[in-house]
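Asks: next input, structure requested:
(one chain, ligands or ions: 1)
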Amino acid sequence: MADYKITLLKGDGIGPEIVNQAVKVLNKAAEKFGFTVEYDEALLGGCAIDATGVPLPEETVAKCKASDSVLLGAVGGPKWDNQPGSNRPEAGLLGIRGALGLFANLRPSVIFGPLKSASPIKDEIIGDDMDIMIVRELTGGIYFGQRGREDDAAWDTEKYSVAEVERIARVAFDLAMKRNKKLTSVDKANVLESSRLWRQTVIEVSKDYPEVELNHMYVDNCAMQLVRNPKQFDVIVTSNIFGDILSDEASMIAGSIGMLASASLSGGKLGLYEPIHGSAPDIAGKGIANPLATILSVAMMLRYSLAQPEAAEAIEAAVAKVLENNRTPDIYEEGMNKVTCEQMGDLVCAQL
Ligand code: NAD
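Replies: Reported below is the predicted structural model:
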């Protein structure tokens, strides 16, 4: 029996191309670090609609639940744009996150040295080692609260319980302990009651993590500080809606959408790992997609779900090294070797 069982949800558009490269890299890491991986594939998104009529078949949920981790490419595309909202490919994505109880979304914003010029922020502001981890609460808050309409008015509700804040705070403190022991909790406690409960709860949890330096920041200030002085941040923890906005802002600082990985975690080991970009229908099938965000998602999987931190570091180091001379078209710069999706995967394997 293999050490780890991974379910692959290749999805639509460039999904299959980039996942295939990431699997190649995971296999290479397994060989190098002495563990074994077994794969199972399942349908999610548009390809699932085509085959079964729904974006998230029951079989997919069952396969994911029976695995150690899930690697997802991307879903969606113009072919399914006329589906009703509840049957769109993206509904499958929300469905699988809910079905697996993934309440913590980890979005690293890292700049690889050779790609510094891709950032819209000035060199001296980014420095040499910008590395921010945004931890976003994923299953509560205003996106899931009561909403409604009455006459010409509409409302949505931001609601958090102590238990919900506690569990996301623990994920963030645990991460901070493995990084630079600095945590910024972002809220709007000067206005919102739910934020006051958020802040109070984070302070309570912090008593279990005396080594972590905790500070609090209002969300409007955080949005500004991310572009003014991003280096001040290590781990940021925040609610669903604030995290949605801030993580997109932070990803722009890194400059390139084809480079950014993400993880969504439940209380246990099971996690879902995916690039932050979509299915890029404009370049699907051309063999030119950048597979690095998916390869870096595999590194996150090795670190957070499979307890193989050395393999994770080796993959990240290999990516950094390969980027010194090689680029897919989306991150191409004069003087570099222009490579295809498959060649990029091969180069990372060779470097490993
Ligand atoms: P997108 O991220 O797919 O593409 C935006 C732009 O970035 C495109 O020009 C694309 O070619 C480029 N790009 C994205 N990833 C790339 C990569 N790895 N390498 C090279 N270039 C890359 O966003 P979009 O165009 O707004 O959405 C396309 C489809 O993807 C839609 O159906 C959308 O709903 C879906 N989507 C899915 C996810 C997901 O599966 N998690 C996330 C976002 C969007």
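Asks: so what's the residue count around residue 88?
Replies: Residue 88 has 20 neighbouring residues, counting by other Cβ atoms under 10 Å. From N, CA and C alone the C-beta is placed, and that goes for glycine too.
Asks: give me phi/psi at it?
Replies: Per-residue torsions, residue 88: phi -80, psi 160 (degrees, to the nearest 10).
Asks: could you find the closest non-adjacent residue to it?
Replies: residue 80 (6.2 Å; Cβ to Cβ, 6 or more residues apart in numbering).
Asks: what does the stretch 151-300 of the chain put close to the ligand?
Replies: Applying Cβ under 6 Å from any ligand atom, one finds that the stretch 151-300 of the chain approaches the ligand through 257-258, 274, 277-283, 289-290, 293.
Asks: just the buried ones from the residues you listed?
Replies: Applying 16 or more other Cβ atoms under 10 Å to these, the neighbour count classes 257-258, 274, 277-281, 283, 289-290, 293 as buried.
Asks: now the helices for the stretch 201-350 of the chain?
Replies: Applying DSSP state H, counting those that start in this stretch to the stretch 201-350 of the chain gives helices spanning 219-228, 240-254, 292-304, 309-323, 341-351.
Asks: ok, residues contacting the third one?
Replies: Yep, that's helix 292-304 we're talking about. 6, 18-19, 21-22, 25-26, 29, 69, 71, 73, 106, 108, 257-263, 265, 271, 273-277, 308-309, 311-313, 315-316, 319, 323, 328, 344-345, 348 (Cβ atoms under 8 Å, 6 or more residues apart in numbering).
Asks: next one: the fourth one
Replies: Residues from elsewhere that reach helix 309-323, judged by Cβ under 8 Å, 6+ apart: 25, 29-30, 32-33, 35, 112-115, 292, 295-296, 298-300, 302-303, 331, 344, 347-348, 351-352.
Asks: what's the weakest-modelled helix or strand in the protein?
Replies: Across the helices and strands of the chain, mean confidence by mean pLDDT, DSSP states H and E is lowest for helix 123-126: a mean of 86.
Asks: packing partners of that helix?
Replies: Packing partners of helix 123-126 (3 or more Cβ pairs under 8 Å, 6 or more residues apart in numbering; DSSP states H and E): none among the helices and strands.
Asks: and that helix, how far from the chain's centre?
Replies: On the basis of Cα atoms, centre = their mean, to the nearest Å, helix 123-126 sits 24 Å off its chain's mean C-alpha point.
Asks: send me that helix as PDB with only the CA atoms.
Replies: Output in PDB follows, covering the C-alpha atoms of helix 123-126 (Å, rounded to 0.1, in the frame of the first residue of the first chain):
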ATOM      1  CA  ASP A 123      12.000  47.000  -5.600                       C
ATOM      2  CA  GLU A 124      13.000  48.800  -2.400                       C
ATOM      3  CA  ILE A 125       9.600  48.300  -0.900                       C
ATOM      4  CA  ILE A 126       9.400  44.600  -1.600                       C
END
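Asks: residues in contact with it: which ones?
Replies: 111, 116, 119, 227-231, 253.
Asks: could these go into a markdown table alongside pLDDT and neighbour count?
Replies: What follows is these, written out as a markdown table (pLDDT from 0 to 100; neighbours: other Cβ atoms under 10 Å):
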| residue | pLDDT | neighbour count |
| --- | --- | --- |
| 111 | 87 | 23 |
| 116 | 82 | 16 |
| 119 | 84 | 18 |
| 227 | 93 | 15 |
| 228 | 94 | 11 |
| 229 | 94 | 12 |
| 230 | 94 | 22 |
| 231 | 92 | 13 |
| 253 | 86 | 19 |
